[in-house]
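> structure of the sequence below:
(chains A and B)
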Amino acid sequence: SQTIHQWPATLVQPVGSPLSLECTVEGTSNPNLYWYRQAAGRGLQLLFYSVGIGQISSEVPQNLSASRPQDRQFILSSKKLLLSDSGFYLCAWSPGSNYEQYFGPGTRLTVT
Amino acid sequence: GNSVTQMEGPVTLSEEAFLTINCTYTATGYPSLFWYVQYPGEGLQLLLKATKADDKGSNKGFEATYRKETTSFHLEKGSVQVSDSAVYFCALSRIQGAQKLVFGQGTRLTINP
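Presented below is the predicted three-dimensional model:
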């Protein structure tokens, strides 16, 4: 069966510090991968998605970036965090087009 | 464009009450439709899905029917429990262009004992 992992689970970072969140998927190959952000009490905002190694599409211009160095690894990064980057970050995978997505447990990021 | 509109929350019910959370969509073509549930502090879990018109998705006592004529996918449960308290998201899959889901804004459900 497939599983998706995210770490860390929680993170408190000062403004201006770098960020690296990692997501890995097990039990499948060549998944589509997604990063979402969920602000407190709000809906989901799609940040990035990837259909293959090195292929990243950005949905919203911002100071975040994403990379996919391996087939089942998806990384969300920032060089300098802003207060507005606080939120709940969710990684998801999908077996392909028009399929459901499966979400990881999330990372709670607080920028202070 | 593609969009999903959910009934606004929060919704508060008593245990064993009947639940309906409305979801309507706008889409080109024939998307698949989904309901996700998010418990406090957790990621989203797929609750049920329907891939074509008149399909009924069901899971854990929840049901939703894909109604093409009314472009709706309302979530129902006959008798809710305290453990059903969560945020519920309706979503559709885009069938053109990028391979993404379009989510509604979510409906917070609280069940009181």
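
> how about low-confidence regions in chain B?
By pLDDT under 70, the weakly predicted segments of chain B are B:95-98.

> which single residue of it ends up nearest chain A?
B:Gly43 (3.9 Å; C-beta to the nearest C-beta). For the C-beta atoms, the positions are set from N, CA and C on the backbone; glycine is no exception.

> got the contact list for that residue?
B:Gly43 makes contact with A:6, A:90, A:103-106, according to C-beta atoms under 8 Å, 6 or more residues apart in numbering or on different chains.

> try A:Leu81
Going by C-beta under 8 Å, 6+ apart, A:Leu81 touches A:13-19, A:63, A:111.

> try it again with 7 Å
Going by C-beta atoms under 7 Å, 6 or more residues apart in numbering or on different chains, A:Leu81 touches A:13, A:15-17, A:19, A:111.

> need the strands for chain A, in chain order.
Here chain A has its strands, by DSSP state E, at A:3-7, A:10-13, A:19-26, A:32-38, A:44-52, A:55-58, A:64-70, A:73-78, A:87-94, A:102-103, A:107-111.

> got those as TSV, with mean neighbour count and distance to B:Val87 columns?
Output for the strands of chain A, formatted as TSV (neighbours: other C-beta atoms under 10 Å in any protein chain shown; distance: least, C-beta to C-beta, whole Å):
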stretch	mean neighbour count	distance to B:Val87
strand A:3-7	17	19
strand A:10-13	14	19
strand A:19-26	18	21
strand A:32-38	24	10
strand A:44-52	19	10
strand A:55-58	14	26
strand A:64-70	16	24
strand A:73-78	20	22
strand A:87-94	24	12
strand A:102-103	21	13
strand A:107-111	18	15
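
> out of the ones you listed, the one nearest chain B is which?
Across the strands of chain A, chain B has its closest neighbour in strand A:102-103 (3.9 Å, C-beta to the nearest C-beta).

> that closest one near chain B anywhere?
Yes: interface with chain B: strand A:102-103 contributes A:102-103 (C-beta under 7 Å from any C-beta of the partner chain).
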